[in-house]
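Enquirer: structure, please.
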Amino acid sequence: MNSHRPTVAIVDQNILSAMGLRHILQEVMPIMDVVSFGSFAELQANHPDSYVHYFVNMSVVLENRAFFTERHNKTIVLSPSLDHAQLADFHTICTNVAEEQLVRAVLALEQHAHGRGQHLPEMPHNAQANILSSREIEVLSLIAKGLMNKEIADRLNIALTTVISHRKNIQEKLGVKTVSALTIYAVMHGLVDINRI
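Expert: Purely as a prediction, here's the structure:
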C-alpha cells in the first residue's frame, strides 16, 4: 500500500465478490489503493479511520451500524437487492446485477458522490487518450453507450466490417478487451458522460 495514495477498504466475507469489486475499483479509481477485509474485526485491526471509503457487505453494516453510521458519508453498502429501505442513510450499490451495471454504478458514485470527487487527487494524464483517431473515439463512445456493432455501423453510416476493424484497433491501442473496461476508459477520459450510458 502506497502511503501517498488514498485507500479504499472492502469489507466482505465473500472473497470472490471482494476480489471482483477490487478489480473494478482499481480500474475505475486507479489513483487509489484498494484493500480487502473478510470481517469487521479485520478492518478494526487495521486503522479503520485511515480509509477514504468503505465498500461494505450489507450484513456487516447492519451488525456494526453505529460504526458505519458515524461514517455514513464514507460508506457504500453492497446490497444483494434493490430494496434499501433499512439503509436509507447510506449510499448503496446492488451487487446482484450484470458486470456492466455494477461498473456503471461505481462510475456514477466516483463521479457524483461525496463532493464530486473534489477531495481526491487528480487523475494522472494518460497519453493513450491522444492515440485514438477521432473516428475511433466516436466508436468507443458508442460502445460505452451499449450499442452493438451493427447499431454503430448504422449510426455512423459506415460498414459493419469497418466498425469491427475500429473496435479491434481500439482494443489493441488501449490494451483492454471487455466492454466494461472500454466503458471505464471512455468515462474516465471524458469521452462519454456517465449519465448518458
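Enquirer: burial check on the closest residue to Pro80 other than its chain neighbours, number of neighbours?
Expert: Leaving aside its sequence neighbours, Pro80 sits nearest to Asn96 (Cβ to Cβ, 6 or more residues apart in numbering; 4.8 Å). For the C-beta atoms, the positions are set from N, CA and C on the backbone; glycine is no exception. The number of residues packed near Asn96 is 11, by other Cβ atoms under 10 Å.
Enquirer: Asn96 contacts Ser81, doesn't it?
Expert: Yes: contact criterion Cβ atoms under 8 Å: Asn96 and Ser81 qualify, at 6.5 Å.
Enquirer: just checking, next helix/strand downstream of the one helix or strand in the chain whose mean pLDDT sits lowest?
Expert: Sorting the helices and strands of the chain by mean pLDDT, DSSP states H and E puts helix 99-116 at the bottom, at a mean of 70. Following helix 99-116 in sequence order, the next helix or strand is helix 134-144 (DSSP states H and E).
Enquirer: contacting residues around the following helix or strand past that next one?
Expert: Note on helix 134-144: by DSSP H and E, the next helix or strand toward the C-terminus is helix 149-156. Residues outside helix 149-156 that contact it (Cβ atoms under 8 Å, 6 or more residues apart in numbering) are Arg135, Glu138, Val139, Leu142, Ile143, Leu147, Ala159, Leu160, Thr162, Val163, Ile164, Arg167.
Enquirer: tell me which two of these sit farthest apart.
Expert: The largest separation in those, counting by Cβ to Cβ, is between Ile143 and Ala159 at 16.5 Å.
Enquirer: which one of the two has more residues nearby?
Expert: Counting neighbours by other Cβ under 10 Å for Ile143 and for Ala159 shows that Ile143 has the greater number, 24 against 10.
Enquirer: which element, helix or strand, includes the closest residue in space to that one that isn't next to it in sequence?
Expert: Nearest non-adjacent residue to Ile143, counting by Cβ to Cβ, 6+ apart: Leu182, 5.4 Å away. In this structure, Leu182 sits in helix 179-188 according to DSSP H and E.
Enquirer: and that helix with helix 134-144, angle?
Expert: With axes from the mean of the first three to the mean of the last three Cα atoms, to 10 degrees applied, the angle from helix 179-188 to helix 134-144 works out at 120 degrees.
Enquirer: list of residues touching helix 179-188?
Expert: Helix 179-188 is contacted from outside by 24, 27-28, 99-100, 103-104, 107, 111, 123, 140-141, 143-144, 170-171, 174, 176, 191-194, 197, using Cβ under 8 Å, 6+ apart.
Enquirer: and what of stretch 76-84?
Expert: 12, 17, 21, 53-58, 61, 87, 90-96, 109, 113.
Enquirer: and it, what's buried?
Expert: Ile76, Val77, Leu78, Ser79, His84 (16 or more other Cβ atoms under 10 Å).
Enquirer: give me the pLDDT for the last one.
Expert: We have a pLDDT of 63 for His84.
Enquirer: likewise the third one?
Expert: Among the per-residue scores, Leu78 holds a pLDDT of 90.
Enquirer: which helix or strand contains it?
Expert: strand 75-79.
Enquirer: hey, C-alpha coordinates of that strand in PDB?
Expert: The C-alpha trace of strand 75-79 is given here as PDB (Å, rounded to 0.1, in the frame of the first residue of the first chain):
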ATOM      1  CA  THR A  75     -19.700   4.100   3.500                       C
ATOM      2  CA  ILE A  76     -21.000   2.400   0.400                       C
ATOM      3  CA  VAL A  77     -23.200  -0.600   1.200                       C
ATOM      4  CA  LEU A  78     -23.000  -3.700  -1.000                       C
ATOM      5  CA  SER A  79     -26.600  -5.000  -1.200                       C
END
